[in-house]
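**Q** Predicted model and sequence follow; I will ask about them next.
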Protein chains: 2
Amino acid sequence: MPAPAVSLDELLDQLRQHGERVTVARRAVLEELLDAPGSHLAADALADRIHDRHPDIHLSTVYRTVEFLTHAGILTEVHVGHGPNSYHFAADSHHHAVCDTCGAEVEVPSDLFEPVTDRLRRDYGFAADPSHLTITGRCAACAAAAEPAAASS
Amino acid sequence: MPAPAVSLDELLDQLRQHGERVTVARRAVLEELLDAPGSHLAADALADRIHDRHPDIHLSTVYRTVEFLTHAGILTEVHVGHGPNSYHFAADSHHHAVCDTCGAEVEVPSDLFEPVTDRLRRDYGFAADPSHLTITGRCAACAAAAEPAAASS
DNA sequence: CTTGATGCAAATGGTTTGCATGTTT
DNA sequence: AAACATGCAAACCATTTGCATCAAG
């Protein structure tokens, strides 16, 4: 289980050192993300959690904050096939495989795409950034349920 | 250059054989996709092209049509990082690497993700379907422009 | 005090949907 | 004629933005 690679204080210091302001919203976003299961949340879900303690923090602020933190290199924005984007710490590099059928998420190591990025660089000079990627498909359970016939003999 | 793997008539027959109706919109969508550069278009662009000959075909119909054709197994829906989804023939399997900076698209062979899908299956039992994936990053030109310093020595 | 972040509401872009009508079979 | 696809307008969702206000430095 990948523990958060950094602490809240470290992150806030990192901001201050770059001359960026530490605001309630920024602290709140980082806090919630730090103790989110899997450390990744969509803006919507993030706002919901933040509202428990800071009912005044607006969803648009959450959007602006994750955008800011992403540009600051602290967060990574992940594009999930359909569904909203989600955010996790850039330091905690990993990918997700999301089941189209049941929505289950499998966390996969960050080097999964190495063969892909290597080949893209070698063959096309393309510097791929797979950090935004989410793989879709069928999880083990759903795959088994979907093709019971194919499992025989 | 990957020529269309199937002809319009074959596709229409395929529909008829499954008891599905052949309509003006379906024919139009298939026609435009067949002669689109790279054989992939977003719903919006698809509608624009269709409007040249069929100004009456509504954008929502295009959406319903590509959805239908996707479920019918004829098209594949591709999720591009930001930007709208695009559609291409399922038979013409390939992926795209899209440059974050200039928007250039590199077409890459369909087996690119094989190491990824293999590993997901082996390690997680996850039946990945990479056909919807688009890789983002920097194309050769933009990567070179972005890091001139790193190229020295 | 100055710059920059936030709340709110309203706009945006992509996509979906309800319903009456038109088309395919 | 029956079933289904379509046009249109309106709804929807995720996200962005303008602007006046507020807070961090």
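**A** Ah, there it is.

**Q** per-domain residue ranges of chain A.
**A** Domains of chain A are assigned by automatic domain parsing as A:1-92, A:93-153.

**Q** For B:A47, which of those domains is the nearest?
**A** domain A:1-92 (20.7 Å; C-beta to C-beta). Where you see a C-beta, it was placed from the backbone N, CA and C, and this is true even at glycine.

**Q** What's the mean pLDDT across the closest one?
**A** Here domain A:1-92 scores 93 as its mean pLDDT.

**Q** right, is that domain up against DNA strand D?
**A** Yes: contact of domain A:1-92 with DNA strand D (C-beta under 7 Å from any atom of the strand) involves A:16, A:21-24, A:42-44, A:59-60, A:63-64, A:67, A:83-85.

**Q** Let's see which of those residues end up in strands.
**A** Using DSSP state E, A:A42 are the members of these that sit in strands.

**Q** and the two most separated of the residues of domain A:1-92 next to DNA strand D?
**A** Once C-beta to C-beta is applied, the residues of domain A:1-92 next to DNA strand D give A:R16 and A:G83 as the farthest pair, at 33.8 Å.

**Q** centre of the chain versus stretch A:13-22, how much separation?
**A** Centroid separation for stretch A:13-22 versus its chain: 22 Å, with C-alpha atoms, centre = their mean, to the nearest Å.

**Q** contact partners of it?
**A** Residues outside stretch A:13-22 that contact it (C-beta atoms under 8 Å, 6 or more residues apart in numbering or on different chains) are A:12, A:26, A:68, A:72, A:74.

**Q** what residues does chain A put near DNA strand C?
**A** A:20-21, A:23-26, A:54, A:56-58, A:60-61, A:64-65, A:68.

**Q** try 10 Å this time
**A** Counting by C-beta under 10 Å from any atom of the strand, the residues of chain A lying close to DNA strand C are A:15, A:19-29, A:47, A:50, A:54-65, A:67-69, A:72, A:82.

**Q** just the buried members of the residues you listed?
**A** Taking 16 or more other C-beta atoms under 10 Å in any protein chain shown as the criterion, what is buried in those is A:15, A:25-29, A:47, A:50, A:54, A:57, A:61-62, A:65, A:68-69.

**Q** how about the host helix or strand of A:V108 against DNA strand D, any contact?
**A** For A:V108, the host element (DSSP states H and E) is strand A:105-109. No: interface with DNA strand D: strand A:105-109 contributes nothing (C-beta under 10 Å from any atom of the strand), its closest point being 15.9 Å away.

**Q** out of the buried ones among the residues of chain A next to DNA strand C, which are inside helices?
**A** Residues of these located in helices (DSSP state H): A:15, A:25-29, A:47, A:50, A:61-62, A:65, A:68-69.

**Q** closest to A:A141 among those residues?
**A** Checking these against A:A141 with C-beta to C-beta, the nearest one is A:A47 at 30.9 Å.

**Q** returning to that earlier point: report the two members of the ones in helices among the buried ones among the residues of chain A next to DNA strand C separated by the largest distance.
**A** Spatial extent of those (C-beta to C-beta) is set by the pair A:L15 and A:A47 at 20.3 Å.

**Q** re the thing from before, strand partners of the strand holding A:V108, parallel vs antiparallel please.
**A** strand A:94-99 (antiparallel) (DSSP bridges).

**Q** ok, and does the strand it pairs with reach over to DNA strand D?
**A** No: Strand A:94-99 lies apart from DNA strand D when judged by C-beta under 10 Å from any atom of the strand; the minimum separation is 14.3 Å.

**Q** can you list contacts of the one helix or strand A:D52 maps to?
**A** According to DSSP H and E, A:D52 maps onto helix A:43-53. For helix A:43-53, contacts defined as C-beta under 8 Å, 6+ apart pick out A:25, A:28-29, A:32-33, A:36, A:41, A:57-59, A:62-63, A:66, A:84-87.
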